[in-house]
Structures are given as C-alpha cells and as structure tokens.
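[1] Build me a model from this:
(one chain, ligands or ions: 1)
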Amino acid sequence: MDAISVIRTKRDRGRLSDEQIDWVIDAYTRGAVADEQMSALAMAILLNGMDRAEIARWTAAMIASGERMDFSALSRPTADKHSTGGVGDKITLPLAPLVAACGAAVPQLSGRGLGHTGGTLDKLEAIPGWRASLSGAEMMAVLGEVGAVVCAAGDGLAPADKKLYALRDVTGTVESIPLIASSIMSKKIAEGTGSLVLDVKVGSGAFMKSLDDARELAATMVGLGTDHGVRTVALLTDMSVPLGLTAGNALEVRESVEVLAGGGPADVVELTLALAREMLAAAGLPDADPAKALADGSAMDVWRRMIRAQGGDPDAPLPVARETHTVLAPASGTLTRLDAYAVGVAAWRLGAGRARKEDSVQPGAGVVLHAKPGDPVQAGTPLLTLHTDTPEKFASAEEALTDAFTVSPAGTSFTPGPLLLDR
Ligand code: URA
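    This is a model prediction of the structure:
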C-alpha cells in the first residue's frame with residue numbers, strides 16, 4: 001500500500017477500500033504518511049465526499065489509533081453532550097453539573113476555542129486556580145465523587161484525529177461533513193460514554209450555515225454513534241444569533257453561574273434544559289426533573305464541587321478586562337438582526353479567542369449584548385459593550401461589527417425564530 005494510490009483513488013472519485021482506510025490512518029499516525037500527502041487526501045475527501053461505509057471505517061480507524069476509556073465501573077449511567085461550536089455557547093458550564101445533579105455521570109472532554117468560536121476549557125480557565133489537564137485516574141476520581149468532570153482529552157485518545165484536525169485547520173479542509181463527523185465521533189466513542197446528545201449548530205456563527213447541511217451532519221453522527229453502541233440523539237439549534245448576552249471567557253462563566261442560580265437569559269436556560277432532558281432520557285433517567293435541580297440549588301452545589309475538585313475557587317472574583325467601549329444604537333426601533341459570526345469575530349479580536357493554537361487568551365475580553373432580536377432599542381443608548389485589556393483592539397472589533405445588526409422602525413412586525421430547529 002502507498003499514499004499516492006490512496007490519494008489517486010479519492011481524487012478520481014473512487015471508493016476507499018477498508019484496507020486503504022486502515023492503512024492510511026495508521027501510517028499517518030505513525031508518521032509514515034507525510035502531512036502534505038494527508039492534506040491532499042483530506043482535500044480530495046472534501047471535494048468528492050465519502051459514503052456512509054467509508055465514513056464508518058474511517059471513524060473506526062481513528063478510534064483504533066489510540067486508547068479507549070471505560071466508565072463501566074461507575075455506579076451511574078454516563079451521558080455526554082457535544083456542540084459543533086458557536087458564539088456565546090456556554091451551555092456545557094451549567095449543563096454538566098445540572099445533569100449530574102439529576103443522577104447521571106457526565107464525562108465532558110472539551111476543547112479550546114479556535115477562530116470565532118469559543119472553547120469550554122478557555123472559559124473555565126477564567127476561574128482562578130481551575131485546571132483543565134487531569135490524568136485518567138484524576139478524571140475518574142472527580143467523576144466518581146462529584147458526578148461531572150470537564151477536562152481536556154488526553155494525548156492517547158484518537159491521536160489520528162489530533163494530527164489530522166491540526167492539519168485540516170491550516171489546509172482549508174475543516175468544512176467537510178465526513179471529516180467533521182468522523183473527527184467528533186471518534187473522540188466521543190473512544191471516550192466511552194454510554195449516551196451522547198449532539199447540539200448541531202446552524203447559522204452564520206456555526207460551521208454548518210444551512211439546515212440541510214446540518215441535518216446531514218447530524219444524521220451521519222447519530223448513525224456512527226448508534227453503530228458503536230452509543231445511544232446518540234442530535235438537536236439542531238439556531239446559531240444565527242449569539243446565545244445569551246455574553247461572548248468571552250469570564251463573561252460567559254458569570255452568565256452560566258446566573259443560570260445555575262436560577263436566573264440567566266431565557267435562551268440559555270431553554271437550551272440547557274432541552275439538552276439536559278435529552279441527556280437524561282438517553283441515560284435511562286427520563287423521570288429526572290432538571291428544572292427542579294436548577295431551582296432548588298442542587299445543580300449549583302455540583303458546580304461548586306466540580307470547580308473545587310479541579311483546583312478552582314468558585315467564590316473568587318472573576319477577571320475583568322481593563323478597558324471597555326460602548327457601541328450605541330444608531331436609531332430607535334426594534335432590533336431585528338444581530339449576527340452571531342460578527343459578534344464572535346469581534347470577541348475573538350478583542351482577545352477572547354486565539355489566532356494560533358499556541359496563543360493565550362484574555363480571560364476578561366469579549367462582548368456584552370444589551371439587546372437581542374425582538375427587543376426595542378433607543379437611538380444613542382448602548383447596544384453592545386466591548387471588553388479588552390488591549391484598547392488598540394477596539395477599532396478592529398468595531399470593524400467586524402460594521403454590518404452586524406439591523407434596527408428596524410418601531411412597529412415593524414418581527415418574531416424571533418425558534419432556538420430548537422429540529423431533533
Ligand atoms: N470539532 C471537531 O472536533 N472536529 C471537527 O472536525 C470540527 C469540529
């Protein structure tokens with residue numbers, strides 16, 4: 001077997017055989033297939049696709065490239081959630097302790113933000129002392145004692161995906177349904193969760209801009225999970241508008257704590273509860289009541305224990321950016337559009353995200369929204385507040401927001417679209 005014949009097969013719109021897939025993933029992981037060869041193959045896959053059987057074999061080969069975790073010794077059923085990424089998507093923060101408070105164990109291996117989308121680990125690292133890297137034994141201990149753990153995946157889990165994702169990121173080959181589905185599901189299946197709820201985002205702030213593409217991605221991932229014995233459900237949810245009223249690390253932690261305290265923005269609460277119900281049903285706990293666990297403080301108790309178990313201080317003041325700048329509403333009327341992608345790019349440029357993997361993030365940076373689509377606004381009053389430690393970044397953040405919103409004349413009939421688009 002050689003890399004060139006595998007690349008030619010896909011370049012010429014052929015089907016990769018099981019042997020070709022097994023060989024190329026193993027050889028790439030070992031360094032016997034070069035990055036430039038794998039990037040040519042990734043581009044051929046992006047352009048010519050893979051059928052379901054090829055995607056299933058590709059995913060299985062990526063799982064086999066590393067170790068698998070095993071939670072069968074836990075007394076509780078396991079449930080995990082994965083979002084395909086968005087702006088202001090802090091849902092994992094209230095969701096993991098909430099689902100644990102209702103009786104499931106939540107092993108949440110999470111990632112960092114890259115580009116305009118935020119990452120759960122960057123958000124939690126805004127909490128003084130909190131540690132994302134745990135050994136396998138530490139992870140199991142937190143999961144057993146607290147019921148929920150949010151941490152970085154170890155290097156041994158799907159190492160083929162680690163290499164391939166970094167390569168795709170710099171070769172314009174991220175936006176491929178077979179490659180996204182196999183990347184996400186290889187990690188989730190290797191992680192060993194018993195059930196998985198996928199939050200597939202649709203809209204300007206998401207990878208999938210159209211409902212049809214999001215549906216195909218969701219169906220592909222649900223099929224992969226089910227074939228590997230993981231009870232898998234997908235919700236398609238709107239990402240044309242940022243979730244909640246904040247985008248940025250410490251800002252989103254503060255908003256998540258508000259949700260755990262029984263308050264917080266309506267859309268964040270709605271999505272947290274919808275995902276919690278799906279996770280609990282998939283874990284075999286359909287009678288658990290997540291709304292009650294939010295209201296009676298039990299989810300907040302788990303949050304505090306979860307943060308402490310990873311070295312964090314849940315009572316410590318969160319970092320605040322040194323400088324703020326307010327963007328004013330240009331006219332009076334009704335806000336009828338607030339573009340998630342533009343807000344995500346602004347938060348990223350202010351320092352909430354990173355341009356390269358090795359960059360650090362500013363914990364206090366980001367954007368606070370003072371109105372959401374459907375709200376009335378007054379000319380000259382604050383629409384957005386930009387936060388950063390580096391005020392020279394305000395100009396490029398404002399540039400990203402040039403066409404980010406529409407204020408329509410008062411009385412314009414406008415109903416915000418639904419958050420939950422399909423299941
Ligand atoms: N997240 C992943 O883990 N992989 C992808 O390919 C895209 C998003």
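
[2] Could you double-check that Ser204 lies in contact with Ala340?
    Yes. Between Ser204 and Ala340 there is a contact under C-beta atoms under 8 Å: 5.3 Å. The C-beta positions use only the backbone N, C-alpha and C, and glycine is treated the same way.

[3] Around the ligand, which positions in the stretch 101-250 of the chain sit nearby?
    Contact residues, the stretch 101-250 of the chain versus the ligand (C-beta under 6 Å from any ligand atom): 165, 174, 179-180, 183-184.

[4] who wins for most neighbours among these?
    Counting neighbours by other C-beta atoms under 10 Å, Ile184 leads those with 25 neighbours.

[5] give the contact list for that residue.
    If you count contacts by C-beta atoms under 8 Å, 6 or more residues apart in numbering, Ile184 has them with 82, 84, 198, 221.

[6] for it, helix, strand, or coil?
    helix (DSSP: H, G, I helix; E, B strand; the rest coil).

[7] and what of Leu421?
    Each residue gets one of three states, and Leu421 gets strand by three-state DSSP.

[8] Skipping adjacent residues, who's closest to it in space?
    Counting by C-beta to C-beta, 6 or more residues apart in numbering, Leu236 is the residue found nearest to Leu421 once chain neighbours are left out, at 4.4 Å.

[9] got it, and Leu386?
    His325 (4.7 Å).

[10] For the protein, just list every one of the strands.
    Ranges of strands in the chain, per DSSP state E, are 79-83, 106-110, 148-152, 195-202, 231-238, 246-247, 323-328, 333-338, 366-369, 376-377, 382-388, 405-408, 420-422.

[11] follow-up on the earlier one: between Ser204 and Ala340, who's got more neighbours?
    Ranked by neighbour count (other C-beta under 10 Å), Ser204 and Ala340 place Ala340 first, with 26 against 19.

[12] okay, now the domains of this protein?
    According to automatic domain parsing, the chain comprises the domains 3-49, 79-178+189-309, 323-408.

[13] so where's the stretch 301-423 of the chain shaky on pLDDT?
    Along the stretch 301-423 of the chain, segments meeting pLDDT under 70 span 357.

[14] before we move on, back to that, determine which two of the residues of the stretch 101-250 of the chain next to the ligand are furthest apart.
    The span of these, defined through C-beta to C-beta, is set by Val174 and Ile184 at 11.8 Å.

[15] quick revisit: the residue nearest to Leu421 contacts Asp213, correct?
    No. Taking C-beta under 8 Å as the definition, Leu236 is not a contact partner of Asp213, at 10.4 Å.

[16] Find the least confident helix or strand in the protein, judged by mean pLDDT.
    helix 159-169 (a mean of 91; mean pLDDT, DSSP states H and E).

[17] Which other helices and strands does that one contact?
    With contacts taken as 3 or more C-beta pairs under 8 Å, 6 or more residues apart in numbering; DSSP states H and E, helix 159-169 sits against helix 18-30, helix 35-48, helix 52-64, helix 177-191.

[18] for the nearest residue to Asp422 once chain neighbours are set aside, what are its contacts?
    Leaving aside its sequence neighbours, Asp422 sits nearest to Leu236 (C-beta to C-beta, 6+ apart; 4.2 Å). Leu236 makes contact with 200, 202, 211, 214-215, 218, 420-423, according to C-beta under 8 Å, 6+ apart.

[19] now, among these, which is nearest to Gly263?
    The nearest member of those to Gly263, counting by C-beta to C-beta, is Leu420 at 21.0 Å.

[20] still on that earlier bit, which among the contacts of Leu236 end up buried?
    Using 16 or more other C-beta atoms under 10 Å as the burial test, these include 200, 202, 214-215, 218, 421 as buried.

[21] now, among these, which is nearest to the ligand?
    For the buried ones among the contacts of Leu236, the minimum distance to the ligand (C-beta to the nearest ligand atom) is 10.8 Å, reached by Val200.

[22] Might you name the residue of this protein sitting closest to the ligand?
    Distances between the chain and the ligand by C-beta to the nearest ligand atom are smallest at Ser183, namely 3.4 Å.

[23] Tell me the spacing between that residue and Pro418.
    Ser183 sits 28 Å away from Pro418, going by C-beta to C-beta, to the nearest Å.

[24] Glu399 too?
    For Glu399, the distance to Pro418 - C-beta to C-beta - is 31 Å.

[25] go on, His116?
    Between His116 and Pro418 the computed distance is 23 Å (C-beta to C-beta).

[26] So between these two, which is more surrounded?
    Of the pair His116 and Pro418, His116 is the one with more neighbours under other C-beta under 10 Å, namely 24 against 10.

[27] wait, doesn't that one sit right on Arg349?
    No. At 9.2 Å, His116 and Arg349 do not qualify as touching, with contact defined as C-beta under 8 Å.

[28] tell me which residues of the least confident helix or strand of the chain are tucked away?
    Using 16+ other C-beta under 10 Å as the test for burial, helix 159-169 gives 159-165, 167-168.

[29] I'd like to check the angle between that helix and helix 18-30, please.
    Following axes from the mean of the first three to the mean of the last three C-alpha atoms, to 10 degrees, one obtains 80 degrees for the angle between helix 159-169 and helix 18-30.

[30] Output helix 159-169 in CSV with nothing but the alpha carbons.
    The C-alpha trace of helix 159-169 is given here as CSV (Å, rounded to 0.1, in the frame of the first residue of the first chain):
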residue,chain,number,x,y,z
PRO,A,159,-4.3,10.6,18.2
ALA,A,160,-5.0,10.3,14.5
ASP,A,161,-7.7,13.0,14.9
LYS,A,162,-5.4,15.3,16.8
LYS,A,163,-2.9,15.3,13.9
LEU,A,164,-5.5,15.4,11.2
TYR,A,165,-7.6,18.2,12.8
ALA,A,166,-4.5,20.4,13.2
LEU,A,167,-3.6,19.7,9.5
ARG,A,168,-7.2,20.4,8.3
ASP,A,169,-7.2,23.7,10.2
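
[31] How far away from the center of its chain is that helix?
    Mean-position distance between helix 159-169 and its chain equals 17 Å (C-alpha atoms, centre = their mean, to the nearest Å).

[32] tell me the angle of it relative to helix 35-48?
    Going by the same axes, to 10 degrees, helix 159-169 makes 80 degrees with helix 35-48.

[33] quick one: contacts of helix 159-169?
    With C-beta under 8 Å, 6+ apart as the criterion, helix 159-169 contacts 25-26, 28-29, 35, 38-39, 42, 61-62, 65-66, 114, 155, 173-174, 176, 179, 182-183, 186-187, 357.

[34] and the direction of it versus that of helix 52-64, what angle?
    Orientation of helix 159-169 against helix 52-64 (the same axes, to 10 degrees) gives an angle of 110 degrees.
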